[in-house]
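Visitor: Quick one, fold the following:
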Amino acid sequence: MTAVIDPTCALAAVSGADLQVPLVQGGTSTYANFDYAASAPALRQVTDRISQLLPYYASVHRGAGYASRISTECYEASRGAVARFVDACDDQVVVFTRNTTDSLNLLAGCVPGDTVVRDIEHHANFLPWTAHGRRVVQAADTVEETIRRVVAELCSKPAALLAVTGASNVTGEVLPLERLATIAHLCGARILVDAAQLAPHRRISLRENGIDYLAFSGHKLYAPFGAGVLVGKRDWLDAGEPYLAGGGAVRNVGVGQVEWAAAPQRHEAGSPNVLGAAAIAAACDALAAIDPAELVAHERFLADRLRNGLSAIPGVDIVRIFSDSPDCVGIVAFTVAGYAPGQVAAYLSAEHAIGIRDGRFCAHPLLTRLGLDAALRASIGLGTTATDVDRLIAAITTLTESGPTWNYATTEGLWNPTPETRPLAPDSPAGAAPCLIG
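Guide: Numbering: from 1, shown residues only. Predicted coordinates for the structure are as follows:
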């Protein structure tokens, strides 16, 4: 059955949907958010859940008070929500972390051998393995050739783990994860998927896809309260050195000895982020309630509309890694001839109230192999509408045809409108000195 799409409406209610922001030329406009891939706004279900929990906020695991009992129950129940969301297997545990980067650094200390990665990964899935036997595969221009190279590397000598990004944070291109998991297992390795960009856009089944370890961030999953997750097989996590040494990660401590707890507590020393865990759980439940076909159809409609609109503008080039990508989430990278990406982003923000990302996206080796110093990235989320897409296309068209109406200059490498007439702090009075946050 074909999903019914209403491109004029958001797929879900998110915070800031009606945010009014000032323009440098005067007046205000509704903010159009195309920076979901960096940090997604909170879903209404998430903010409602946090508001409900705040009066009961207290320490967890070691408190006998009623509020502490409520917080503990909520924290532990959040693991179940995450496990259901990713269809985890019985031998996989949910560890709460700060974000995807934190999760992958934690896992890196538990891997009993070499890890194979591609040279086009986000830094979070590239740098943590450096001190733990990292072997780098140079990606090709096609998915098929890249997979062939991965197979060759895995077969060249034993590896413990294949670590891949589920969806590129630069271009949104998705890899065939079930196929890669099968390949890794046949070669005697396990597979880790960095799902920071995949989890908000596609339902993932660890059980069906054969994924051994999965990591994602709450702040990209519409739960911006500083938490992330690592889901994976217990044995490595039980055997690995505790990520942090401290209370909560132990069974018993003597002056000269420590008996560490099993995972997940083994890697959650200190007071945990109860609100962050609750936010992730609420986001998982909310996303699980959306028809997956409707989610994909809505996103593809908007992403195709954006790609087609940008491609029709002279001087605009869409950035891709592979020529044969089987799927792509709602992330579109592009460049505008004659303009630095930072200048374009500043122009869109200052003159059109459109938020977009520019730079190298914590994927420097990938940008280098694409021959780019920087690019622009527009990312689509549950709150995006066709009106937002059309505004972005119109603003880029205006830039290429007429140029900006304001002056822009760099300060410490960052492009800013000159002069900056907008107050850059919440609720700042008009004319107040801007609070420039670097």
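
Visitor: switch to C-alpha atoms for all contacts and neighbour counts from now on
Guide: Will do.

Visitor: May I have the phi/psi pair for the closest residue to L302 other than its chain neighbours?
Guide: Spatially, and ignoring its direct neighbours in sequence, L302 is nearest to A386 (6.3 Å; Cα to Cα, 6 or more residues apart in numbering). For A386, the backbone dihedrals are phi -60, psi -30 (criterion: degrees, to the nearest 10).

Visitor: residue contacts, A386?
Guide: When the contact criterion is Cα atoms under 8 Å, 6 or more residues apart in numbering, the partners of A386 are P7, T8, C9, L302, R305.

Visitor: now those in CSV, with neighbour count?
Guide: CSV is the format used below for the contacts of A386 (neighbours: other Cα atoms under 10 Å):
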residue, neighbour count
P7, 17
T8, 11
C9, 15
L302, 22
R305, 16
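
Visitor: And those residues, which two are furthest apart?
Guide: By the measure Cα to Cα, C9 and R305 form the most distant pair in the contacts of A386, at 14.8 Å.

Visitor: confidence score at A131?
Guide: Note for A131: predicted pLDDT of 87.

Visitor: Equivalent analysis for the one 4 residues further on, please.
Guide: In this prediction, R135 carries a pLDDT score of 98.

Visitor: so where does it fall, helix or strand?
Guide: Using DSSP states H and E, the element containing R135 is strand 134-137.

Visitor: Check the average confidence over stretch 19-28, would you?
Guide: Regarding stretch 19-28, the rounded mean pLDDT is 97.

Visitor: Tell me which residues touch A184, please.
Guide: A184 makes contact with V151, L154, L161, L162, R190, I191 under the criterion Cα under 8 Å, 6+ apart.

Visitor: is it fair to say it lies in a helix?
Guide: Yes - secondary structure assignment places A184 in a helix (DSSP: H, G, I helix; E, B strand; the rest coil).

Visitor: coming back round to it: moving C-terminal from the strand holding R135, which element do we reach first?
Guide: Towards the C-terminus, the helix or strand next in line after strand 134-137, according to DSSP H and E, is helix 143-156.

Visitor: Within the sheet, what are the partner strands of whatever helix or strand comes next after that next one, with directions?
Guide: The helix or strand immediately downstream of helix 143-156 is strand 161-165, counting by DSSP H and E. According to DSSP bridges, strand 161-165 has the following sheet partners: strand 115-118 (parallel), strand 190-194 (parallel).

Visitor: want to throw these into TSV with distance to L275 and mean neighbour count?
Guide: Supplementary listing: the strands paired with strand 161-165 in TSV, determined by distance: least, Cα to Cα, whole Å; neighbours: other Cα atoms under 10 Å:
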stretch	distance to L275	mean neighbour count
strand 115-118	33	25
strand 190-194	23	26
